[in-house]
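> how would this look folded up:
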Amino acid sequence: MGSIHEGHLSLIQRAVRENKEVVVSIYVNPTQFDDKDDLKKYPRNIDNDLKKLNGINNILVYTPNDSDLYNEHEKSKKYNFGDFMNIMEGKYRPDHFDGVATVVEKLFKIFTPNNAYFGEKDFQQLILIKSLVEKLNLDLSVVGCKTIREEDGLAMSSRNKLLSKKERESAGEIIKLLLKAKEMNKGSNYGQIKKMIIGHVDSIDDIDLEYFEIINLSQFLDTKETRAFIACKVGDVRLIDNISF
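Numbering: from 1, shown residues only. Predicted structure coming up:
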């Protein structure tokens, strides 16, 4: 959605390595925002984005307006992607995934790509896109890419630049919480870990926990993987992250 950082660039660079031609779409999609204030303050700097993409060969940059993708008063489609989409982000951000799926379906139909690249930071979104491709019966591979992090471990996000200096320091504690949970997983049950993490969050300035979950993904997906997920407000900025156990 723009405000391009090293995480985005890593997706683009991988796509360029693995494909002859690459489309980079930059678009802040209004239908996936349940909070109008969040949509309004989401960071945008298309000139700076284009400068960062300058020099990358074999890419086409698509920067549509709302009217290019949506008819007047058009709303997002309604999808059913199963139980995994009804928890965490699906629970706390009503209609968010419908908005994501709506715009991604439009982009897939415009460009008919062979491969599409999405980051694991938005893990539920990654799974949603894979489900969407199955539902639409598209001949398309969805490639999940590792989360790119700042020096202190904070997952790169366009929203990070909205943090004050003090809030940014607090945000650096998020990855420490996830790593502590991973360490505790060797000898504690999920309930004990969750209680400890929630208690620790209360001692960190500026952080308001929305959810912390440890999920054995085998109950939802064809995998034996377990991941810890977190969403919190740091000041007024909402951040999410996850790691694999």
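> quick one: what helix or strand has the closest residue in space to residue 230 that isn't next to it in sequence in it?
Distances taken as CB to CB, 6 or more residues apart in numbering place residue 212 nearest to residue 230, at 5.0 Å, with adjacent residues excluded. (C-beta placed from N, C-alpha, C; glycine too.) Element membership for residue 212, per DSSP states H and E: strand 207-216.
> need the residues that contact that strand.
The contact list for strand 207-216, computed with CB atoms under 8 Å, 6 or more residues apart in numbering, reads 87-88, 91-92, 170-171, 173-174, 177, 181, 185, 190, 193-194, 197-198, 201, 224, 226-234, 238, 245.
> what about it, distance to the chain center?
The chain centroid and the centroid of strand 207-216 are separated by 15 Å under CA atoms, centre = their mean, to the nearest Å.
> what strands flank that strand, and is each parallel or antiparallel?
strand 226-234 (antiparallel) (DSSP bridges).
> continuing past the one helix or strand residue 51 maps to, what's the next helix or strand?
According to DSSP H and E, residue 51 maps onto helix 46-53. As assigned by DSSP H and E, the chain's next helix or strand after helix 46-53 is strand 59-62.
> any idea how many residues pack against residue 152?
When neighbours are counted by other CB atoms under 10 Å, residue 152 registers 13.
> for it, phi and psi?
phi -90, psi 10 (degrees, to the nearest 10).
> residue 202 too?
The phi/psi pair for residue 202 (degrees, to the nearest 10) reads phi -60, psi -20.
> mind listing the strands for the protein?
Counting by DSSP state E, residue ranges of the strands within the chain are 22-25, 59-62, 115-119, 141-145, 207-216, 226-234, 237-244.
> partners of the second one, with directions?
In the sheet, strand 59-62 lines up against strand 22-25 (parallel) (DSSP bridges).
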